[in-house]
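Colleague: what would the 3D arrangement of this be:
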Amino acid sequence: MATQQDLSLDYLRGEAQGLHKSIQAAMKVAETAARVELFKKVLATAKHLHTKLNEAIAIHEAERKQHLKQAATSIATIVALQNAAAHKQETDDMLKAAHDAVEHISEAVAAERGHGARTKTFN
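Modeller: Numbering: from 1, shown residues only. Here you go, the predicted model:
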């Protein structure tokens, strides 16, 4: 038959085993909590990096749009200069043609006057 001391010892062993299991469970909970905290930190870092990436993309898009606007302005300026040069060439050509016509008319008038002067002289 078991003595009182044996029963007390068995009771203490049972309590020790229960306490050991409780400690193991608490350690698992603590590990899980630590993992959760680590995950929260990793998630917060990922969100921060995502925000920074979106900001960088927005800046890049704004710069790209600005470059496109500058390119469009440059192209419009080149086209305007080409048009102005073409109009200037047309104007220069018209002025030269008008000048040539004035010269021909002046020569014709001078020739007519010279011919008329001879005619008067010979009359």
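
Colleague: give me the neighbour count for Arg13.
Modeller: Neighbourhood size, Arg13 [other Cβ atoms under 10 Å]: 10. All C-beta spots, glycine's among them, are computed from the backbone N, C-alpha and C.

Colleague: before we move on, what about the one 4 residues further on?
Modeller: Each residue near Gln17 was counted by other Cβ under 10 Å, and the total is 10.

Colleague: could you do Ser106 as well?
Modeller: 10.

Colleague: so where's the chain uncertain?
Modeller: 1-2, 115-123 (pLDDT under 70).

Colleague: try it again at 90.
Modeller: Low-confidence segments of the chain (pLDDT under 90): 1-14, 89, 108, 110-123.

Colleague: in which helix or strand would I find the residue minimising distance to the centre of it?
Modeller: Geometric centre of the chain, nearest residue: Glu61, 2.3 Å, by Cα atoms, centre = their mean. Counting by DSSP states H and E, the element that carries Glu61 is helix 4-122.

Colleague: run the chain-centre distance for that helix.
Modeller: 1 Å (Cα atoms, centre = their mean, to the nearest Å).

Colleague: counting contacts, what elements does that helix pack onto?
Modeller: Helices and strands touching helix 4-122, as assessed by 3 or more Cβ pairs under 8 Å, 6 or more residues apart in numbering; DSSP states H and E, are absent.

Colleague: run a quick neighbour tally on Lys21.
Modeller: 10.

Colleague: roughly how far does it sit from Gly14?
Modeller: With distances taken as Cβ to Cβ, to the nearest Å, Lys21 is found 11 Å from Gly14.
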